[in-house]
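*Asks:* Below: sequence and its predicted model.
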Amino acid sequence: MILIDEEKIFEIINRRKPLSVAINGPEALFPKIQDTAKKIMKIFAIPAYVIGDPCWGSCDLNTHAADVLGVDLLFNVAHTISFETLGTKVVMINAYDDITFTKIVTKFATEINNKHIKSIGLVTDSQHLTQIEPVKKLFEKFGFKVIIGKAKGQLNQGQVFGCEFYPAYDIQKQIDAYVFLGQSMFHSISIAMSTEKLTFMLDPYLNEYKEINEYAIKFEKKAVLSIYKAQEAEKIGIIIGLKEGQFAKAKALKLKKILEELGKEIQLFAITEITEERLRNFKDIDAYIQVACPRIATDNHFTKPVLSVPQAEALIKILKHQPIENFLQIRHWL
Ligand code: SF4
């Protein structure tokens, strides 16, 4: 069960005495966020707004909504990062899953022992960060060498985002395989894609583990196919995402300049939610490059090719007749 750190919310409200607050977080947690908002209103007798827009990460804070609502504090739930606050209004609130990995680690360690995996890199997402140390000790009892990558930037030790992998990427030469703790194909696929190393996902809910690399290969093939399709495009739309943590106007203008020099006609767009439906409204565009969340391009289905930043950089290499190998094997897909 995921538990929102309400104690911290209450302590901050007591200390900062806001006149009103807002809370946002992942859609899956909306029912719990509603409960928290109700408690705030009851205990502190102040308005607590639940922001009902999608919130995908610490890159998607929606402080605009907080400003429009005129609240003093915005609690962003379940996107643990190495900072506690962002700006004057945003406070990051942990929401950890209390499930343990004892059963699935025991099963994995027992069954995998004959597969020549001696050293493993432990990685996880925000919800299971508290499990990293106990799982490390458990694996060590089974005789494995366990490496946890160091914290860097917004990432805590052992943590990955869907587009940022420093703690995983930096230890790849020291390990035989990655073990991702949690039920997230989204995160585990990107570890396998960015390192091309053997990667397992340990799912504590279903008590099963999965080797992820064949899924990662499918994703990578799809990403490469889109690049080659975009090669033929004469008119390219470059989309700037309007979410504050994904805003990359300078990158968009840089790509525009390079692609125009390579003979492409460019139109600029700015969109908050980049979806197939939104793109269908535009005319005369053969392919798109979006400089917001890279996973929009790699994980979703679009009728026309839609590229992320690393894919766009690979496209430029193709147009310059340069090789593109390893274009996704980088620490950060932005
Ligand atoms: S993968 Fe997308 S949503 Fe997740 S942190 Fe990166 S930009 Fe944000």
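*Replies:* That came through fine.
*Asks:* Next one, pLDDT for residue 87 please.
*Replies:* Predicted confidence (pLDDT) for residue 87: 88.
*Asks:* what residues are up against it?
*Replies:* residue 63 (Cβ atoms under 8 Å, 6 or more residues apart in numbering). From N, CA and C alone the C-beta is placed, and that goes for glycine too.
*Asks:* same check, this time on residue 295
*Replies:* Residues counted as contacts of residue 295 (Cβ under 8 Å, 6+ apart) are 162, 163, 186, 190, 308.
*Asks:* Remind me what the helix or strand residue 147 falls within packs against, helices and strands.
*Replies:* If you go by DSSP states H and E, residue 147 is part of strand 145-148. The helices and strands touching strand 145-148, judged by 3 or more Cβ pairs under 8 Å, 6 or more residues apart in numbering; DSSP states H and E, are strand 119-124, helix 132-141.
*Asks:* what pairs with that strand, and is each one parallel or antiparallel?
*Replies:* Applying DSSP bridges, strand 145-148 is found paired with strand 119-124 (parallel).
*Asks:* Compute the distance between the residue in the stretch 201-334 of the chain that the ligand sits nearest to and residue 225, please.
*Replies:* Per Cβ to the nearest ligand atom, residue 293 is where the stretch 201-334 of the chain lies closest to the ligand, at 3.1 Å. According to Cβ to Cβ, to the nearest Å, residue 293 and residue 225 sit 20 Å apart.
*Asks:* Around the closest residue to residue 153 other than its chain neighbours, how many other residues sit close by?
*Replies:* Of all residues beyond its chain neighbours, the one nearest residue 153 is residue 166 (6.7 Å), with distances taken as Cβ to Cβ, 6 or more residues apart in numbering. Residue 166 has 19 neighbouring residues, counting by other Cβ atoms under 10 Å.
*Asks:* Residue 166 and residue 259: what is the separation?
*Replies:* Applying Cβ to Cβ to residue 166 and residue 259 gives a distance of 29 Å.
*Asks:* Report the distance from stretch 125-144 to the chain centre.
*Replies:* 21 Å (Cα atoms, centre = their mean, to the nearest Å).
*Asks:* how long is it from one end to the other?
*Replies:* Start and end residues of stretch 125-144 are separated by 22 Å (Cα to Cα, to the nearest Å).
*Asks:* what comes into contact with that stretch?
*Replies:* Stretch 125-144 has contacts (Cβ under 8 Å, 6+ apart) with 2, 78-81, 94-97, 99-102, 105-106, 109-110, 113, 117-120, 122, 124, 146, 148, 156-160, 179, 181-182, 184, 187.
*Asks:* Get me the contact residues on the stretch 1-150 of the chain for the ligand.
*Replies:* 56, 57, 59, 60 (Cβ under 6 Å from any ligand atom).
*Asks:* now with 5 Å?
*Replies:* Residues of the stretch 1-150 of the chain found near the ligand (Cβ under 5 Å from any ligand atom) are 56, 57, 59.
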